[in-house]
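S.K.: Structure of the sequence below:
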Amino acid sequence: MLRALLIAAVAIAVLSAVAFILSRRDIARERARVAQSSIATTRCGPIEFGSIGRGPVVLSIHGAGGGWDQGLDLAGWLGRKEYRVVAMSRFGYLRTPVPPDASAEAQADAHACLLDELGVSRAAVIGVSAGGPSALQFAIRHPDRCAALVLMVPGVYAPRPGGAPSVKSPSGVPALFDTALRSDFLFWILTRPLRPVAIGTILGTPTELVARASESEKARVDLMLRHILPVTLRRRGLVNDAAVISSIRRYDLEAISAPTLVISAADCGYGTYEPARYTAEHVRGARFVGFPTGGHLLVGHEDEVEAEILAFLQHAMPAGAD
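M.R.: Numbers count the residues shown, from 1 in each chain. Prediction:
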């Protein structure tokens, strides 16, 4: 019995040491990766951003747990389609600070400030998940600057019975805020040996859906998980997003004049399907694309989603146009 306990203790110690060494390597690599950005000094304060491609500008607004890097992960493919993708880090993410007013309205104004600093008069906007509120506010507050609006699994308003929250959190997410989201090492563990848990909670996507997905889709899911590291540099943004989303209200959707495309999946773990459909129903001329499955990452629909977005943008803001 004692021998078995000693062997188990040694095995646990060895595994812990290996995990610690591997995690330090991976976290250091991710910290070096996210440092490869630029800082724009704008009238709204410093804003971190990255860009790729040439052509009409598409402003990519990342979701919770993101930053400029996630923005390029989500929309960088448009850089190969004769568009210039500009992705910023929203308030509290990576090197963009949290101002006294960190509302969706203030964030939308900061998007305009970044475009001003880059000399861009007009852009299409893609708002994903928690990037949805500021994308909507940008279209409302700066209609002359918004050439087109795309919302993907947006964390926005929908009326719910009994006044229930418009957007929900998958089971386990609140607990993660007090554990794994406070530590790069704990989050690394969550994304490695506990990967299925992270997919179902943090990514809001059914694990069985990912298990059946193509290799390219699995790689996309893994990339999303890896690129949340270092989570400690994103926590202030996560906390701010939680405050914005939990108090989300109805915006003046009828005031939006930009061509609008809204996409979601019925099994999204964050419950964005109804808010997405509600938004599309109230924005004049908006198109809604809803999938029965796909989760928060729209797994299994990558090609369809890209085709929808590209066709929409080419009609609203043709590639090669000034």
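
S.K.: Isn't R160 up against S166?
M.R.: Yes - assessed by C-beta atoms under 8 Å, R160 is found in contact with S166 at 6.3 Å. C-beta: built from backbone N, CA, C; applies to glycine.

S.K.: Out of these two, name the residue with the larger neighbour count.
M.R.: S166 (22 against 14; other C-beta atoms under 10 Å).

S.K.: what residues are up against that one?
M.R.: G155, V156, Y157, A158, P159, R160, I245, I248, G271, P275 (C-beta atoms under 8 Å, 6 or more residues apart in numbering).

S.K.: from the residues you listed, which is closest to H142?
M.R.: V156 (17.5 Å; C-beta to C-beta).

S.K.: So which residues of the stretch 1-150 of the chain form helices?
M.R.: Secondary structure of the stretch 1-150 of the chain (DSSP state H, counting those that start in this stretch): helices at 2-34, 68-75, 104-118, 132-141.

S.K.: Could you dump those helices into CSV with mean pLDDT added?
M.R.: Output for these, formatted as CSV (pLDDT from 0 to 100):
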stretch, mean pLDDT
helix 2-34, 66
helix 68-75, 98
helix 104-118, 98
helix 132-141, 98
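
S.K.: and of those, who's closest to G50?
M.R.: helix 68-75 (4.4 Å).

S.K.: secondary structure class for V305?
M.R.: Going by DSSP: H, G, I helix; E, B strand; the rest coil, the secondary structure assigned to V305 is helix.

S.K.: Verify the contact between it and I263 for me.
M.R.: Yes - V305 is within contact range of I263, at 6.2 Å (criterion: C-beta under 8 Å).

S.K.: Give me the more crowded residue out of those two.
M.R.: Comparing V305 with I263 by other C-beta under 10 Å, the one with more neighbours is I263, at 26 against 17.

S.K.: So that one lies in a strand, does it not?
M.R.: Yes - per three-state DSSP, I263 lies within a strand segment.
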